[in-house]
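Novice: Generate coordinates for the sequence data below:
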Amino acid sequence: MDFSHRTTAYLESLQSKLIKSGYEIEHIDFNKEIFCINKVEHWKKRNGKIAKVYHHFRKYYQLPKEMIKYRQITKTGYSNSWVWADDPEYKYQVNQKYITKEDREELLTIYKSLTPIH
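Specialist: Numbering: from 1, shown residues only. Here you go, the predicted structure:
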């Protein structure tokens, strides 16, 4: 649910309670080496369901190159070619970029010292 002036009024009309409010990494673009941080609030409704409210400020920051790690994963592909009629499934390996959980938490703690890109 996106934040607006009606969002909190709606949640309060449902007798919702704010559980926690904090910042989360919303998007990581490994090609441009940037990441996006956004404020997220968790509200618990009267029926027990959790509503996540996303604020709109979304700021992008430069991702440190030393935090990017590589791993090899195996992907499965399917061929439509008549040559592979017996077994159309094939497997190949791809290098994948990722960030560890500890690095994500570190980015959330140091993001205030970083300058936003746009």
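Novice: Enumerate the positions of the worst-scoring helix or strand of the chain on mean pLDDT that are buried.
Specialist: When the helices and strands of the chain are scored by mean pLDDT, DSSP states H and E, helix 5-13 comes last with a mean of 81. Residues of helix 5-13 classed as buried by neighbour count (16 or more other Cβ atoms under 10 Å): 7, 11. Yep, even glycine has a C-beta here, placed from its N, CA and C like the rest.
Novice: Could you identify the helix or strand that succeeds the lengthiest strand in the chain?
Specialist: Ranked by residue count, the top strand of the chain under DSSP state E comes out as strand 17-29. Counting by DSSP states H and E, the next helix or strand C-terminal to strand 17-29 is strand 34-44.
Novice: Tell me the buried residues in that next one?
Specialist: Buried residues in strand 34-44 (16+ other Cβ under 10 Å): 34-41, 43-44.
Novice: what helices or strands is that strand leaning on?
Specialist: strand 17-29, strand 50-54, strand 59-62, helix 101-110 (3 or more Cβ pairs under 8 Å, 6 or more residues apart in numbering; DSSP states H and E).
Novice: Relative to E89, which of these is closest?
Specialist: Closest approach to E89 among those (Cβ to Cβ): strand 17-29, 30.4 Å.
Novice: Residue ranges in the protein under the pLDDT threshold?
Specialist: For the chain, applying pLDDT under 70 flags the ranges 1-4, 82-85, 118.
Novice: Quick one: residues contacting the residue nearest the centre of it.
Specialist: Nearest to the mean C-alpha position of the chain, counting by Cα atoms, centre = their mean, stands E26 at 3.8 Å. Contact analysis of E26 by Cβ atoms under 8 Å, 6 or more residues apart in numbering lists 36-38, 54, 58.
Novice: Reformat those residues into a markdown table and put distance to Y78 next to each item.
Specialist: Formatted as a markdown table, the contacts of E26 follow (distance: Cβ to Cβ, whole Å):
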| residue | distance to Y78 |
| --- | --- |
| C36 | 33 |
| I37 | 38 |
| N38 | 36 |
| Y54 | 36 |
| R58 | 37 |
